[in-house]
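Undergrad: below is the structure, and that's it, no one-letter string:
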């Protein structure tokens, strides 16, 4: 089991939905290991399926993308199930210390070029269509706040103006991102390189070096407010790139030559400005446009039980699950209670869209505490320890399964046996549940009974969950005819 949790942002990875009443049946297998489950004989040990009531909502919580996280860059223009996405990046690359000087003989310095380089860490979507990317300069009147962790939808309250293009647009062929870059200064792969205008190189190498621009960080920020990279949305591109600013592959390279005093031989050199997780500002704008999509027809702001439900990685959507009648279930021994969820494939788009827009690698099932207006862990089943969360035992990892007619669909199963036992035995609260695909998130954690006397907020990070924007899935809801979400309980009467 992976140790996902850190002292500050604890990774939480598991999740899902829940159920409501039905009759007893004879089912031969469970989706979660059955090592300690007695044989179902219909007399001493029985099983039953409980129906769940489900509906989908847009997640209005503000997802934050932190400096060390992978950022998103690109555009999805053709996803009929979830709609469009555009992602832009804003960031500062700076000298490592101040006052800063361009090394070499300034009187003999000859400007060569300026290249903006960002570290590529993967993609989500379709790699066959090129992305068209643009580089701009941020207006000094709308600077980044170096202490802010901007929400992904920050444009609703803040706007970064762009004053000018810094170079020509480039086409990025995702399939060739593993190609090597080999020159005197680089021997690397997974770089996206923007050759900027000659005037940009002159500004940073000569103009700034002859002023007070490099005397301090505050001074430098008055001369240059940072870079912005955007993607053309009027193309057939259908992918989001993962870019890491804190990686050593990300830098602003200034190439030049100079000679020592009295020397005739010139030395070619490069100076780098880089991203600092302490002193560089950054923001990642990720905007969803679900208008006209399949999901938009099912998202709601009020109760609307639905046979199709939608989970999109943050900033995304979640599913609300209710289990009416669970609180009134009679006392019994719960051997296993598992929430089973399955993908509803789209036959019309399965060969293309469904193989590009992949499901999240982890879903999170939480209880919603209306008294505290907060998500909390599933009582007694989702447990944290010194080694992290019990994700493997609880469930939430993506598992592929075969069903008649489909070689592979996504499914997520959750073990909520002790939660259900607490409801039927001690009459613990039966919560409304939420299913989401979080990246950076938090929840109110309460230890299992009988130590459930305090609660504490724990923070999740992408390292044990999902990268921002990576993953979406349409699931069968509680009334779906074939891929029905259901709660299966194996029990013995007392």
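TA: That came through, no problem. Just so it is clear, the model here is predicted, and its values are computed rather than measured.

Undergrad: list the contacts of the nearest residue to residue 246 once chain neighbours are set aside.
TA: Of all residues beyond its chain neighbours, the one nearest residue 246 is residue 68 (4.8 Å), with distances taken as Cβ to Cβ, 6 or more residues apart in numbering. Every C-beta, even on glycine, is put in place using the N, C-alpha and C of the backbone. If you count contacts by Cβ atoms under 8 Å, 6 or more residues apart in numbering, residue 68 has them with 244, 246, 277.

Undergrad: just the buried ones from these?
TA: If you count burial by 16 or more other Cβ atoms under 10 Å, the buried members of those come out as 244, 246.

Undergrad: check the contacts of residue 68 for the minimum pLDDT and say which it is.
TA: The lowest pLDDT within the contacts of residue 68 belongs to residue 277, which sits at 93.

Undergrad: so that one, which of the three states?
TA: The three-state assignment at residue 277 reads coil, by DSSP: H, G, I helix; E, B strand; the rest coil.

Undergrad: that one and residue 69 touch, don't they?
TA: No - using Cβ atoms under 8 Å, residue 277 makes no contact with residue 69, being 10.6 Å away.

Undergrad: what about residue 247, neighbour count?
TA: Applying the criterion other Cβ atoms under 10 Å, we find 18 residues in the vicinity of residue 247.

Undergrad: er, residue 372 actually
TA: Close neighbours of residue 372, defined as other Cβ under 10 Å, add up to 10.

Undergrad: and it, how far is that from residue 190?
TA: For residue 372, the distance to residue 190 (Cβ to Cβ, to the nearest Å) stands at 43 Å.

Undergrad: same question for residue 298.
TA: With distances defined as Cβ to Cβ, the gap from residue 298 to residue 190 amounts to 38 Å.

Undergrad: what do you get for residue 474?
TA: For residue 474, the distance to residue 190 (Cβ to Cβ) stands at 32 Å.

Undergrad: same drill for these two, tell me which one is more crowded.
TA: Remark: of residue 474 and residue 190, residue 474 carries more neighbours, 24 against 17, as counted by other Cβ under 10 Å.

Undergrad: which residues of the chain fall in helices?
TA: Using DSSP state H, the helices of the chain run over residues 198-202, 217-223, 353-356, 391-394, 417-426.

Undergrad: and the second one, which residues are buried?
TA: Right, the one you point to is helix 217-223. Buried residues in helix 217-223, defined by neighbour count with 16+ other Cβ under 10 Å: 217, 220-221.

Undergrad: could you do the last one as well?
TA: Taking 16+ other Cβ under 10 Å as the basis for neighbour counts, the residues of helix 417-426 that come out buried are 417-424.

Undergrad: out of the residues you listed, which comes closest to residue 480?
TA: residue 420 (22.2 Å; Cβ to Cβ).

Undergrad: now the closest one: how far from residue 430?
TA: Here residue 420 is placed at a distance of 9 Å from residue 430 (Cβ to Cβ).

Undergrad: hey, what's in contact with both of those two?
TA: With contacts taken as Cβ under 8 Å, 6+ apart, residue 420 and residue 430 have residue 326 as neighbours in common.

Undergrad: select the longest strand from the chain.
TA: Among the elements of type strand in the chain, defined by DSSP state E, the one spanning the most residues is strand 110-125.

Undergrad: okay, now the residue lying closest to residue 222 once chain neighbours are set aside: neighbour count?
TA: The shortest distance from residue 222 to any non-neighbouring residue, by Cβ to Cβ, 6+ apart, is to residue 140 (6.6 Å). The number of residues packed near residue 140 is 14, by other Cβ under 10 Å.

Undergrad: what do you get for residue 333?
TA: Around residue 333 sit 14 other residues, with neighbours defined as other Cβ under 10 Å.

Undergrad: who's in contact with it?
TA: Residues near residue 333 by Cβ under 8 Å, 6+ apart: 421, 491-494.

Undergrad: repeat that with 7 Å
TA: With contact taken as Cβ atoms under 7 Å, 6 or more residues apart in numbering, residue 333 is in contact with 491-492, 494.

Undergrad: out of the residues you listed, which is most surrounded?
TA: Neighbours here mean other Cβ under 10 Å. Within the contacts of residue 333, the largest count is held by residue 491, at 23 neighbours.

Undergrad: report the contact partners of that residue.
TA: 46, 332-335.

Undergrad: in PyMOL, select just the buried ones from those residues.
TA: For the buried members of those, the matching PyMOL selection, counting by 16+ other Cβ under 10 Å, is:
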select buried, resi 46+332+334+335
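
Undergrad: which of the contacts of residue 491 lies closest to residue 108?
TA: Minimum distance to residue 108 across these is 80.9 Å, recorded for residue 334 (Cβ to Cβ).

Undergrad: residue 161 contacts residue 142, doesn't it?
TA: Yes - Residue 161 is within contact range of residue 142, at 4.6 Å (criterion: Cβ atoms under 7 Å).

Undergrad: and residue 429, how many residues sit next to it?
TA: By the measure other Cβ under 10 Å, the count of residues near residue 429 is 12.

Undergrad: distance of it from residue 372?
TA: Counting by Cβ to Cβ - residue 429 and residue 372 are separated by 12 Å.

Undergrad: wouldn't residue 53 be in contact with residue 319 here?
TA: No - checked against Cβ under 7 Å, the pair residue 53 and residue 319 is beyond contact range at 10.7 Å.
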